[in-house]
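Enquirer: no FASTA, just this:
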C-alpha cells in the first residue's frame with residue numbers, strides 16, 4: 001500500500017522566492033496525496049506549477065483537486081497548472097466554503113479574466129468539473145477513500161479535510177484561527193486519532209497577539225490540539241513569508257523540543273503515512 005504526501009508549496013500569504021527561503025521553500029500552499037496509483041491535490045497555490053510539471057510526465061490522467069478556500073495564496077498557481085491544458089486529462093475541482101456566495105467556477109474564471117490574466121479558464125482543454133459542497137459533508141471520491149470535512153474559522157470561510165484510506169488518515173487543516181484557551185471542537189473531532197495532521201502554524205505565539213482576526217494559528221496550538229486528539233504527528237505548515245530559513249530552523253528546534261511528534265513541512269519533502 002502507498003499512502004504518501006508530498007509538499008509542493010508550504011508558504012502562506014504570498015510566494016517568497018529568495019536566497020533566504022531555500023531550505024523550507026517559498027511556494028504557497030499545495031500538497032499531493034498518493035493513494036497507490038491515484039492522486040489527490042490539496043490547494044492550488046504557486047506550488048501546483050511544479051506539481052503539474054511532474055504530473056505531466058506520469059500516466060495519471062484523472063485527479064481530484066480539493067481547495068480549502070479561494071484566497072490568492074491557495075489558487076493563484078492554478079492558471080499555471082500545465083496538465084489542465086491537456087485534453088487527455090481530467091480534473092474534478094471541489095470547494096466547500098462558497099455555497100450561497102458564488103462558486104468555485106466563478107472564482108477561478110474571474111481570476112483568469114481580463115484584466116487580471118490574458119488566458120481564460122475556457123482555454124484549459126482538460127475535462128474540468130468544478131463543484132461546490134457544504135463544509136461538514138463527507139465526500140466519497142472513491143469507494144475505498146473516505147473524506148470528512150469541517151468548516152474552519154477563517155475570513156470568508158475555509159474547509160478542513162480528513163482523508164482516510166486503508167486504516168490510515170491524514171488531516172489538512174489550513175487556514176484556521178484558534179481562540180486562546182478554547183480548543184476548536186470541530187478541529188478536534190476531525191483530527192481525532194489521525195496519523196498526520198498538516199496544520200496552519202503561520203504565527204508564533206507572540207506574533208499571534210497582534211494578528212487576531214487574520215485567520216491563522218500557531219504551532220503551539222496545533223500541538224495542543226494534536227495531543228488532546230491523540231493524533232500521532234503534527235506537520236507545521238503555511239509558513240509566514242517573513243520567516244526565513246534561519247528563523248524556521250530556530251522554530252523547528254523549539255517545536256521539536258516541546259514535542260517529538262512535530263515536523264516542520266519543507267517543499268519537496270515526501271512523507272509516508
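Expert: Cool, got the structure. Bear in mind the structure is a predicted one, so any value in this text is a computation, not a measurement. Numbering: from 1, shown residues only.

Enquirer: Show me the helices in this protein, by range?
Expert: Per DSSP state H, the chain carries helices over the ranges 48-56, 72-75, 104-111, 185-191, 205-208, 219-228, 245-258.

Enquirer: what comes up buried for the first one?
Expert: Judged by neighbour count using 16 or more other Cβ atoms under 10 Å, the buried positions of helix 48-56 are 48, 49, 50, 51, 52, 55. Any C-beta I mention is one placed from the backbone N, CA and C, and that applies to glycine too.

Enquirer: how about the residues you listed, which pair is most distant?
Expert: Across the buried residues of helix 48-56, no pair lies farther apart than 49 and 55, at 10.7 Å, counting by Cβ to Cβ.

Enquirer: which residues are common contacts for the two?
Expert: residue 82 (Cβ atoms under 8 Å, 6 or more residues apart in numbering).

Enquirer: what about the residue nearest to residue 38 when sequence neighbours are not counted, how many neighbours?
Expert: Distances taken as Cβ to Cβ, 6 or more residues apart in numbering put residue 142 closest to residue 38, at 6.8 Å, once the chain neighbours are dropped. Counted with other Cβ atoms under 10 Å, residues neighbouring residue 142 total 13.

Enquirer: Ok, residue 107 next?
Expert: Neighbourhood size, residue 107 [other Cβ under 10 Å]: 19.

Enquirer: repeat for residue 151
Expert: Number of residues near residue 151 (other Cβ under 10 Å) recorded here: 16.

Enquirer: That one pairs with what?
Expert: residue 159 (DSSP bridges).

Enquirer: Now do the same contact list for it.
Expert: Contacts for residue 151 (Cβ under 8 Å, 6+ apart) come out as 96, 97, 135, 136, 157, 158, 159, 160, 186.

Enquirer: From those, keep the buried residues only.
Expert: Buried members of the contacts of residue 151, scored by 16+ other Cβ under 10 Å, are 96, 97, 135, 157, 158, 159, 160, 186.

Enquirer: Can you give me the pLDDT of the second one?
Expert: The model reports residue 97 with a pLDDT of 95.

Enquirer: Report the spatially nearest residue to residue 21, omitting neighbours in sequence.
Expert: Among residues not flanking residue 21 along the chain, residue 244 sits closest, at 5.8 Å (Cβ to Cβ, 6+ apart).

Enquirer: Let me know whether that neighbour touches residue 20 as I believe.
Expert: Yes - if you go by Cβ atoms under 8 Å, residue 244 and residue 20 touch, sitting 3.9 Å apart.

Enquirer: Which secondary structure element of the protein has the lowest mean pLDDT?
Expert: Lowest mean confidence among the helices and strands of the chain (mean pLDDT, DSSP states H and E): strand 138-142, at a mean of 93.

Enquirer: counting contacts, what elements does it pack onto?
Expert: When contacts are defined as 3 or more Cβ pairs under 8 Å, 6 or more residues apart in numbering; DSSP states H and E, strand 138-142 sits against strand 145-152.

Enquirer: Enumerate the positions of the strand it packs on that are buried.
Expert: Across strand 145-152, burial judged by 16+ other Cβ under 10 Å covers 145, 147, 148, 149, 150, 151, 152.

Enquirer: Hmm, the last one is touching residue 171, no?
Expert: No - with contact defined as Cβ under 8 Å, residue 152 and residue 171 do not form a contacting pair (11.4 Å).

Enquirer: Common neighbours of those two, please.
Expert: With Cβ under 8 Å, 6+ apart as the test, residue 152 and residue 171 both reach residue 160.

Enquirer: so the residue lying closest to residue 255 once chain neighbours are set aside bridges to which residues?
Expert: Nearest non-adjacent residue to residue 255, counting by Cβ to Cβ, 6+ apart: residue 262, 4.4 Å away. Taking DSSP bridges as the rule, residue 262 bridges to residue 234.

Enquirer: contacting residues for residue 262?
Expert: By Cβ under 8 Å, 6+ apart, the residues touching residue 262 are 219, 223, 233, 234, 236, 255, 256.
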